[in-house]
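A.B. asks: Structure of the sequence below:
(one chain, ligands or ions: 2)
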Amino acid sequence: MRQRVRKTVLLISFLLFPVIIWYFSPYLIIQGASEHIMNGSFIVFMLMLVLSMFFGRVWCGYLCPAGGLQECLFAGNPNPAKQGWRNRIKYVIWTVWIIAIIATFIMGKNDLTINPFYMTDHGISITEIHNYIMYYGVLMLLVLPALIHGRRATCHYICWMAPFMVIGSSLGRLLHLPQLHIEADKDACIACGKCNKSCPMGLDVKKMVSEEKTSKCTECIQCGACIDTCPKKVLKYKMTWKRS
Ligand code: SF4
Ligand code: SF4
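C.D. replies: Residues are numbered from 1 along each chain as shown. Ligands and ions are numbered 1, 2, ... in the order given. Predicted structure coming up:
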(Lines give C-alpha, C1' and ligand atoms only; values in the text may rest on other atoms or scores of the structure.)
(Ligands and ions follow the chains in the order given, each with its own letter.)
Protein backbone atom coordinates (compact mmCIF):
# COMPACT_ATOMS: atom_id res chain seq x y z
CA MET A 1 0.00 0.00 0.00
CA ARG A 2 2.74 2.46 1.01
CA GLN A 3 4.62 1.81 -2.23
CA ARG A 4 1.46 2.31 -4.27
CA VAL A 5 0.90 5.68 -2.61
CA ARG A 6 4.56 6.60 -3.07
CA LYS A 7 4.52 5.73 -6.77
CA THR A 8 1.24 7.60 -7.31
CA VAL A 9 2.62 10.74 -5.63
CA LEU A 10 5.79 10.49 -7.73
CA LEU A 11 3.72 10.12 -10.90
CA ILE A 12 1.58 13.16 -10.03
CA SER A 13 4.74 15.12 -9.29
CA PHE A 14 6.11 14.19 -12.74
CA LEU A 15 2.83 15.13 -14.45
CA LEU A 16 3.09 18.55 -12.77
CA PHE A 17 6.68 18.97 -13.95
CA PRO A 18 5.87 21.53 -16.70
CA VAL A 19 4.22 23.69 -14.02
CA ILE A 20 6.99 23.45 -11.42
CA ILE A 21 10.19 22.85 -13.40
CA TRP A 22 11.60 26.39 -12.91
CA TYR A 23 11.65 25.78 -9.15
CA PHE A 24 14.36 23.16 -9.71
CA SER A 25 16.34 24.99 -12.36
CA PRO A 26 20.14 25.02 -11.98
CA TYR A 27 20.31 27.74 -14.63
CA LEU A 28 17.74 30.19 -13.25
CA ILE A 29 19.54 30.28 -9.91
CA ILE A 30 22.65 31.55 -11.75
CA GLN A 31 20.62 34.08 -13.72
CA GLY A 32 18.97 35.22 -10.48
CA ALA A 33 22.40 35.52 -8.81
CA SER A 34 23.57 37.87 -11.58
CA GLU A 35 20.67 40.19 -10.65
CA HIS A 36 20.99 39.51 -6.88
CA ILE A 37 17.59 37.81 -6.84
CA MET A 38 16.94 34.79 -4.64
CA ASN A 39 14.62 32.86 -6.93
CA GLY A 40 12.32 29.87 -6.48
CA SER A 41 15.03 27.26 -7.07
CA PHE A 42 17.30 28.90 -4.49
CA ILE A 43 14.50 28.70 -1.92
CA VAL A 44 13.62 25.09 -2.86
CA PHE A 45 17.26 23.92 -2.70
CA MET A 46 17.75 25.56 0.70
CA LEU A 47 14.56 23.89 1.96
CA MET A 48 15.87 20.53 0.68
CA LEU A 49 19.11 21.08 2.59
CA VAL A 50 17.30 21.86 5.86
CA LEU A 51 14.63 19.13 5.50
CA SER A 52 17.25 16.49 4.74
CA MET A 53 18.87 17.19 8.12
CA PHE A 54 15.78 15.58 9.64
CA PHE A 55 14.34 13.41 6.87
CA GLY A 56 17.35 12.36 4.78
CA ARG A 57 16.59 11.98 1.07
CA VAL A 58 12.89 11.43 1.53
CA TRP A 59 12.26 14.10 -1.13
CA CYS A 60 13.92 11.83 -3.73
CA GLY A 61 11.92 8.82 -2.62
CA TYR A 62 8.47 10.36 -2.35
CA LEU A 63 8.21 13.68 -4.19
CA CYS A 64 10.79 14.29 -6.91
CA PRO A 65 9.33 14.60 -10.44
CA ALA A 66 12.62 13.38 -11.96
CA GLY A 67 12.45 10.36 -9.67
CA GLY A 68 8.88 9.71 -10.82
CA LEU A 69 9.97 9.87 -14.44
CA GLN A 70 12.82 7.43 -13.86
CA GLU A 71 10.63 4.95 -12.01
CA CYS A 72 8.36 4.91 -15.09
CA LEU A 73 11.45 3.82 -17.06
CA PHE A 74 12.13 0.69 -14.99
CA ALA A 75 10.30 -1.33 -17.65
CA GLY A 76 12.86 -0.10 -20.21
CA ASN A 77 15.92 -0.90 -18.08
CA PRO A 78 15.29 -2.60 -14.72
CA ASN A 79 18.98 -3.32 -14.02
CA PRO A 80 20.69 -1.71 -11.04
CA ALA A 81 22.93 1.15 -12.17
CA LYS A 82 26.64 0.56 -11.53
CA GLN A 83 27.80 2.41 -8.43
CA GLY A 84 31.30 3.42 -7.31
CA TRP A 85 33.14 6.31 -8.99
CA ARG A 86 30.16 7.13 -11.20
CA ASN A 87 28.22 8.30 -8.14
CA ARG A 88 30.85 11.00 -7.62
CA ILE A 89 30.16 12.68 -10.97
CA LYS A 90 27.24 14.56 -9.43
CA TYR A 91 29.51 16.14 -6.80
CA VAL A 92 31.87 17.43 -9.50
CA ILE A 93 28.92 18.91 -11.43
CA TRP A 94 27.52 20.38 -8.21
CA THR A 95 30.84 21.96 -7.16
CA VAL A 96 31.37 23.64 -10.55
CA TRP A 97 27.78 24.86 -10.48
CA ILE A 98 28.03 26.30 -6.93
CA ILE A 99 31.27 28.09 -7.88
CA ALA A 100 29.45 29.55 -10.94
CA ILE A 101 26.60 30.77 -8.71
CA ILE A 102 28.96 32.43 -6.22
CA ALA A 103 31.10 34.01 -8.97
CA THR A 104 28.01 35.33 -10.76
CA PHE A 105 26.64 36.71 -7.50
CA ILE A 106 29.93 38.51 -6.73
CA MET A 107 29.99 40.06 -10.21
CA GLY A 108 26.27 40.88 -10.12
CA LYS A 109 24.57 44.12 -9.22
CA ASN A 110 21.37 45.50 -7.57
CA ASP A 111 20.17 45.19 -3.99
CA LEU A 112 19.41 41.70 -2.76
CA THR A 113 15.74 40.75 -3.29
CA ILE A 114 13.65 37.62 -2.95
CA ASN A 115 11.35 36.59 -5.80
CA PRO A 116 10.08 32.99 -5.57
CA PHE A 117 8.23 33.39 -8.88
CA TYR A 118 11.21 34.73 -10.83
CA MET A 119 10.85 34.01 -14.59
CA THR A 120 7.52 32.24 -14.13
CA ASP A 121 4.10 33.31 -15.43
CA HIS A 122 2.06 33.90 -12.25
CA GLY A 123 3.97 31.05 -10.59
CA ILE A 124 3.63 28.64 -13.54
CA SER A 125 6.86 27.59 -15.23
CA ILE A 126 5.93 26.70 -18.79
CA THR A 127 3.11 28.62 -20.41
CA GLU A 128 4.47 29.16 -23.90
CA ILE A 129 4.75 26.46 -26.51
CA HIS A 130 8.39 27.24 -27.48
CA ASN A 131 9.50 26.57 -23.87
CA TYR A 132 8.53 22.93 -24.38
CA ILE A 133 11.62 22.54 -26.59
CA MET A 134 13.76 23.24 -23.52
CA TYR A 135 11.47 21.12 -21.36
CA TYR A 136 11.84 18.07 -23.57
CA GLY A 137 15.61 18.68 -23.69
CA VAL A 138 15.68 18.47 -19.88
CA LEU A 139 13.55 15.32 -20.01
CA MET A 140 16.05 13.70 -22.37
CA LEU A 141 18.87 14.57 -19.98
CA LEU A 142 16.97 12.81 -17.19
CA VAL A 143 15.80 9.85 -19.28
CA LEU A 144 19.00 8.82 -21.06
CA PRO A 145 21.20 7.86 -18.06
CA ALA A 146 18.35 5.80 -16.58
CA LEU A 147 17.64 4.04 -19.87
CA ILE A 148 21.30 3.36 -20.61
CA HIS A 149 22.62 2.55 -17.11
CA GLY A 150 19.58 1.37 -15.16
CA ARG A 151 17.50 2.16 -12.09
CA ARG A 152 17.59 5.86 -11.18
CA ALA A 153 21.03 6.31 -12.75
CA THR A 154 20.26 10.01 -13.18
CA CYS A 155 19.92 10.34 -9.38
CA HIS A 156 23.18 8.46 -8.86
CA TYR A 157 25.28 10.16 -11.53
CA ILE A 158 24.17 13.67 -12.44
CA CYS A 159 21.43 15.00 -10.17
CA TRP A 160 22.32 18.54 -9.05
CA MET A 161 19.83 18.40 -6.16
CA ALA A 162 21.07 15.18 -4.52
CA PRO A 163 24.28 16.74 -3.07
CA PHE A 164 22.18 19.25 -1.09
CA MET A 165 20.41 16.36 0.58
CA VAL A 166 23.55 14.29 1.07
CA ILE A 167 25.21 17.31 2.74
CA GLY A 168 22.05 18.00 4.79
CA SER A 169 21.71 14.42 6.03
CA SER A 170 25.45 14.14 6.80
CA LEU A 171 25.23 17.42 8.73
CA GLY A 172 22.17 16.14 10.62
CA ARG A 173 24.06 12.99 11.58
CA LEU A 174 27.10 15.00 12.65
CA LEU A 175 24.92 17.20 14.86
CA HIS A 176 23.12 14.11 16.25
CA LEU A 177 19.75 15.46 15.14
CA PRO A 178 16.84 13.02 15.13
CA GLN A 179 16.81 11.86 11.52
CA LEU A 180 14.72 9.43 9.49
CA HIS A 181 16.81 6.43 8.47
CA ILE A 182 16.56 2.70 7.84
CA GLU A 183 17.63 0.33 10.57
CA ALA A 184 18.11 -3.42 10.20
CA ASP A 185 18.09 -6.40 12.52
CA LYS A 186 21.05 -8.17 10.95
CA ASP A 187 20.47 -11.43 12.84
CA ALA A 188 16.93 -11.84 11.46
CA CYS A 189 18.08 -11.62 7.82
CA ILE A 190 17.89 -14.85 5.78
CA ALA A 191 19.79 -13.32 2.83
CA CYS A 192 16.94 -13.91 0.38
CA GLY A 193 17.84 -10.77 -1.61
CA LYS A 194 14.25 -9.56 -2.09
CA CYS A 195 15.25 -6.13 -0.75
CA ASN A 196 17.86 -5.79 -3.51
CA LYS A 197 15.26 -6.53 -6.17
CA SER A 198 12.81 -3.98 -4.77
CA CYS A 199 15.25 -1.10 -4.25
CA PRO A 200 14.53 1.62 -6.85
CA MET A 201 18.09 2.91 -6.38
CA GLY A 202 19.49 -0.54 -7.23
CA LEU A 203 21.40 -0.69 -3.94
CA ASP A 204 22.86 -3.88 -2.50
CA VAL A 205 20.59 -3.71 0.56
CA LYS A 206 21.35 -7.31 1.57
CA LYS A 207 25.06 -6.48 1.85
CA MET A 208 24.30 -3.26 3.73
CA VAL A 209 22.22 -5.26 6.21
CA SER A 210 25.04 -7.76 6.78
CA GLU A 211 27.54 -4.92 7.23
CA GLU A 212 25.08 -2.84 9.34
CA LYS A 213 25.34 0.11 6.96
CA THR A 214 21.70 0.76 6.01
CA SER A 215 21.49 3.87 8.17
CA LYS A 216 24.61 5.44 6.72
CA CYS A 217 24.09 4.98 2.97
CA THR A 218 23.94 8.41 1.29
CA GLU A 219 22.43 6.90 -1.88
CA CYS A 220 19.41 5.56 0.04
CA ILE A 221 16.31 7.67 -0.63
CA GLN A 222 14.29 6.38 2.34
CA CYS A 223 11.57 5.07 0.01
CA GLY A 224 10.80 2.09 2.26
CA ALA A 225 10.51 -0.41 -0.62
CA CYS A 226 12.97 -2.76 1.11
CA ILE A 227 11.00 -2.50 4.37
CA ASP A 228 7.77 -3.39 2.57
CA THR A 229 9.32 -6.33 0.69
CA CYS A 230 11.33 -8.05 3.40
CA PRO A 231 9.57 -11.28 4.43
CA LYS A 232 11.30 -11.30 7.84
CA LYS A 233 10.61 -7.67 8.79
CA VAL A 234 14.34 -7.11 9.13
CA LEU A 235 14.19 -3.46 8.10
CA LYS A 236 12.31 -0.57 9.63
CA TYR A 237 12.12 3.21 9.68
CA LYS A 238 13.67 4.88 12.70
CA MET A 239 13.97 8.47 13.79
CA THR A 240 16.14 8.23 16.87
CA TRP A 241 19.54 9.39 18.03
CA LYS A 242 21.01 5.92 18.22
CA ARG A 243 22.02 4.23 14.97
CA SER A 244 23.20 0.74 14.17
S1 SF4 B 1 14.62 -9.01 2.11
FE2 SF4 B 1 14.96 -9.07 4.34
S3 SF4 B 1 15.57 -11.18 4.77
FE4 SF4 B 1 15.77 -10.89 2.54
S5 SF4 B 1 17.93 -10.25 2.28
FE6 SF4 B 1 16.74 -8.37 2.47
S7 SF4 B 1 16.82 -7.86 4.67
FE8 SF4 B 1 17.46 -10.00 4.48
S1 SF4 C 1 17.73 0.85 0.68
FE2 SF4 C 1 15.51 0.63 0.99
S3 SF4 C 1 14.80 2.66 1.60
FE4 SF4 C 1 16.86 2.91 0.71
S5 SF4 C 1 16.49 3.37 -1.46
FE6 SF4 C 1 16.74 1.14 -1.32
S7 SF4 C 1 14.66 0.31 -1.05
FE8 SF4 C 1 14.56 2.53 -0.64
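A.B. asks: where does the chain come near ligand 2, residue by residue?
C.D. replies: By Cβ under 6 Å from any ligand atom, the residues of the chain that approach ligand 2 are 182, 198-199, 201, 203, 205, 220-226. (C-beta placed from N, C-alpha, C; glycine too.)
A.B. asks: The residue lying closest to C159 once chain neighbours are set aside: what secondary structure?
C.D. replies: Computed as Cβ to Cβ, 6 or more residues apart in numbering, the closest residue to C159 that is not its neighbour in sequence is K90, at 5.6 Å. Judged by DSSP: H, G, I helix; E, B strand; the rest coil, the three-state class of K90 is helix.
A.B. asks: okay but K90 is in contact with A162, surely?
C.D. replies: Yes. K90 sits in contact with A162 when judged by Cβ atoms under 8 Å, with a separation of 5.7 Å.
A.B. asks: okay, those two: which has more neighbours?
C.D. replies: When K90 and A162 are compared for neighbours, A162 comes out ahead with 26 against 20, by other Cβ atoms under 10 Å.
A.B. asks: Could you pick out the residues of this structure near ligand 1 for me?
C.D. replies: Where the chain comes near ligand 1, counting by Cβ under 6 Å from any ligand atom, the residues are 189-195, 205-206, 209, 229-230, 232, 234-235.
A.B. asks: Is it possible to mark the buried ones in those?
C.D. replies: Applying 16 or more other Cβ atoms under 10 Å to those, the neighbour count classes 189, 195, 205-206, 209, 229-230, 234-235 as buried.
A.B. asks: As TSV, these with pLDDT would be great.
C.D. replies: Output for those, formatted as TSV (pLDDT from 0 to 100):
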residue	pLDDT
C189	96
C195	97
V205	97
K206	96
V209	96
T229	97
C230	97
V234	96
L235	96
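A.B. asks: could you pull out the strands for this structure?
C.D. replies: 37-39, 113-115, 181-184, 235-238 (DSSP state E).
A.B. asks: Return the most buried member of those strands.
C.D. replies: Of all the strands of the chain, strand 181-184 has the most neighbours on average by mean count of other Cβ atoms under 10 Å, namely a mean of 24.
A.B. asks: how about the helices of the chain, start to end?
C.D. replies: All helices of the chain, identified by DSSP state H, fall at 2-15, 17-20, 26-34, 40-55, 58-62, 65-72, 89-107, 131-149, 153-157, 162-174, 194-198, 205-210, 225-229.
A.B. asks: and those as CSV, adding distance to T120?
C.D. replies: Compiled in CSV, these are given as follows (distance: least, Cβ to Cβ, whole Å):
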stretch, distance to T120
helix 2-15, 17
helix 17-20, 9
helix 26-34, 9
helix 40-55, 7
helix 58-62, 21
helix 65-72, 16
helix 89-107, 19
helix 131-149, 11
helix 153-157, 24
helix 162-174, 21
helix 194-198, 37
helix 205-210, 39
helix 225-229, 34
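A.B. asks: out of these, nearest to Q83?
C.D. replies: Ranking the helices of the chain by their distance to Q83 (criterion: Cβ to Cβ) puts helix 153-157 first, at 6.8 Å.
A.B. asks: That closest one: how far from the chain's middle?
C.D. replies: Centre-to-centre, helix 153-157 and its host chain are 9 Å apart (Cα atoms, centre = their mean, to the nearest Å).
A.B. asks: And it, what does it pack against?
C.D. replies: If you count contacts as 3 or more Cβ pairs under 8 Å, 6 or more residues apart in numbering; DSSP states H and E, helix 153-157 packs onto helix 65-72, helix 89-107, helix 131-149.
A.B. asks: Much appreciated, bye for now.
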